Every structure is written in C-alpha cells, then in structure tokens.
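*Asks:* A structural model of the following input is requested.
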Amino acid sequence: MNYWPLLGIAVVVFGFSLGLNPALVVVAAGIASGLVAGLPIPDVLALLGSSFVSNRTLLLFILTLPTIGLLERAGLRKHAHAWVARMQNLTLARLLVAYLALRQALSMLGLIDLAGHAQTVRPLLAPMAEAAADKIDPALSADQRDQVKALAAATDNVGRFFGEDVFLAFGGVLLIQGFYAQHGIDLDPRTIAIWALPTAITAFVIHALRLFLYQHRLQRMQKSKEVEQNKETDKNVLSQFENKYRSP
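*Replies:* You can find the predicted model right below:
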C-alpha cells in the first residue's frame with residue numbers, strides 16, 4: 001500500500017501550525033497528495049476544480065455573514081448579554097451544557113448548519129457565556145474572558161463533531177461504508193451510526209464535566225479574591241483604629 005498520498009495531512013498540520021492562510025494550505029495539501037500519488041498536474045487541477053464545484057453549496061453560509069453583522073451592529077450581542085444577566089438561575093455550566101445538548105441533537109438529525117461559530121457562537125453564545133461568567137466574578141480578566149469565549153466555541157465543536165457521525169447521510173459515515181466495501185466488508189450505514197452513538201454520549205459527558213469543573217474553578221478563584229479583600233479591609237480598619245486610639 002502506498003502511504004505517500006498521506007503527505008497532504010502533514011502539509012495541513014504544518015501549514016496550520018504556522019498560521020498560514022487555510023485555503024492556501026488546503027490547496028497545497030491537495031496538490032501535494034495528487035503529485036505523490038502519480039497524477040499529472042492537469043489531472044490534479046481538474047480534480048480540485050471539480051471538487052470545488054460539486055461542494056459550492058457549502059459556501060452558502062457566507063450569505064449569513066452580512067445579516068449577522070447588521071444584527072450585531074443593532075446590539076444583538078448586548079441584548080444577549082443583558083438577557084442572561086437577568087436570569088439568576090442560569091449559570092455558565094448550565095448554559096453551555098444546554099447548548100451542547102441542543103447542538104448535538106440537531107447534528108444527529110442532520111441539521112448541522114442551523115448553528116455554528118458564525119451563526120450562533122459569536123453573536124449569541126459567547127456574550128451569553130460572558131454574562132453568565134460575570135455573575136461569578138464581575139471583574140474577570142481579559143485572559144479569563146478569552147477562556148470563556150474559547151469554551152463556548154469548543155462546546156459548539158464538540159456538539160457538531162460527535163453528533164454528525166450519528167446522522168445516516170453524513171459524508172463521514174458514507175466514507176466509512178465505502179472504505180469497508182472496497183475491502184469486501186458490507187456494512188449498513190445504520191450500524192455505523194448506531195455504533196457512533198456511545199462515542200457521542202461519552203463526549204457529551206466528558207465535555208459537560210469540563211464545563212462544570214471550569215465553573216467551579218472560577219468560583220474558587222472568586223472566593224479567594226473575596227478572602228484577600230476581606231483581609232485587606234480588616235487590616236485597614238485595624239490600622240485606622242490603632243491610629244485613632246493610640247496614646248500620645
């Protein structure tokens with residue numbers, strides 16, 4: 001078996017690690033894999049072109065960007081932040097776990113593009129998560145706010161990645177079926193999807209635990225701050241008392 005076509009994976013890893021343009025990295029990886037597989041350059045370019053044309057519907061999400069931009073300019077993020085701030089019982093972990101469950105359930109039904117980083121995480125989930133974190137500590141540092149935003153984005157990733165494998169018509173499931181069919185193993189897509197369900201449940205539980213542990217860490221840090229502030233206040237009060245009643 002010729003493993004040289006897998007060189008494209010190394011190109012992707014190397015390019016992304018350097019922070020290069022993703023489109024350029026993917027095209028370079030495709031060309032590299034095609035050349036080492038023995039395809040002539042015209043055939044490689046023709047394959048890239050046909051792949052782009054057959055998947056051009058994936059670019060439809062770009063149409064949502066102007067709409068989201070207008071909503072953000074109208075104050076969508078501020079309204080989302082204020083709405084969560086008014087809900088006293090909604091914590092950071094509860095918010096993100098609920099979104100994780102919804103995202104994973106929709107992905108299992110094939111409704112993958114109803115949510116995502118551009119559609120929901122940036123304009124809605126991230127400011128809502130910040131508002132929930134502000135309830136724990138109103139004086140969050142810039143690094144902590146970035147961590148909360150990253151946690152919101154990671155929640156979307158986990159929900160989609162492990163949920164879409166359960167959908168029968170997902171490309172990954174069909175790819176697995178085709179691979180085994182080439183090697184004489186007949187697998188029903190329903191069987192593949194069913195066996196992806198335990199992985200999806202495990203991923204949900206693990207990420208939910210991560211969310212609650214992060215919330216607990218924020219609460220512990222806030223309590224430490226309060227203890228230090230109380231000590232400093234008591235020290236100042238004692239100092240003022242001693243100065244006031246100190247004998248001349």
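*Asks:* Quick check: end-to-end length of stretch 175-194?
*Replies:* 16 Å (Cα to Cα, to the nearest Å).
*Asks:* which residues touch stretch 86-93?
*Replies:* Stretch 86-93 is contacted by residues 84, 129, 132-133, 135-136, 148, 208, 211-212, 214-215, 218 when judged by Cβ atoms under 8 Å, 6 or more residues apart in numbering. For glycine as for every other residue, the C-beta is placed from the backbone atoms N, C-alpha and C.
*Asks:* okay, the least confident helix or strand in the chain by mean pLDDT in PDB with CA atoms only?
*Replies:* Within the chain, no helix or strand scores below helix 64-73, which has a mean of 73 by mean pLDDT, DSSP states H and E. In PDB, the C-alpha atoms belonging to helix 64-73 read as follows (Å, rounded to 0.1, in the frame of the first residue of the first chain):
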ATOM      1  CA  THR A  64     -25.500  34.800   6.600                       C
ATOM      2  CA  LEU A  65     -22.500  37.000   7.500                       C
ATOM      3  CA  PRO A  66     -24.000  40.300   6.300                       C
ATOM      4  CA  THR A  67     -27.200  39.500   8.200                       C
ATOM      5  CA  ILE A  68     -25.300  38.700  11.400                       C
ATOM      6  CA  GLY A  69     -23.200  41.800  11.000                       C
ATOM      7  CA  LEU A  70     -26.300  44.000  10.800                       C
ATOM      8  CA  LEU A  71     -27.800  42.300  13.900                       C
ATOM      9  CA  GLU A  72     -24.600  42.800  15.900                       C
ATOM     10  CA  ARG A  73     -24.500  46.500  14.800                       C
END
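*Asks:* out of the contacts of stretch 86-93, which is most surrounded?
*Replies:* When neighbours are counted by other Cβ atoms under 10 Å, Ala129 leads the contacts of stretch 86-93 with 27 neighbours.
*Asks:* Ramachandran angles for that residue?
*Replies:* Dihedral pair for Ala129: phi -70, psi -40, per degrees, to the nearest 10.
*Asks:* Tell me the spacing between it and Leu100.
*Replies:* Separation of Ala129 from Leu100 (Cβ to Cβ, to the nearest Å): 12 Å.
*Asks:* can you tell me the average pLDDT over stretch 200-209?
*Replies:* What stretch 200-209 shows for mean pLDDT is 95.
*Asks:* got a list of contacts for it?
*Replies:* 93, 97, 100-101, 104, 108, 154-155, 158-159, 161-163, 165-166.
*Asks:* Show the buried residues in the residues you listed.
*Replies:* 93, 97, 100, 104, 108, 154-155, 158-159, 162-163, 165-166 (16 or more other Cβ atoms under 10 Å).
*Asks:* Format these as CSV; extra columns: distance to Gln229, pLDDT and secondary structure.
*Replies:* Listed next are the buried ones among the contacts of stretch 200-209 as CSV, based on distance: Cβ to Cβ, whole Å; pLDDT from 0 to 100; DSSP: H, G, I helix; E, B strand; the rest coil:
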residue, distance to Gln229, pLDDT, secondary structure
Ala93, 25, 93, helix
Val97, 31, 96, helix
Leu100, 34, 95, helix
Gln104, 40, 94, helix
Met108, 47, 89, helix
Ala154, 32, 95, helix
Thr155, 32, 95, helix
Val158, 36, 94, helix
Gly159, 38, 93, helix
Phe162, 42, 90, helix
Gly163, 43, 89, helix
Asp165, 48, 82, coil
Val166, 48, 85, coil
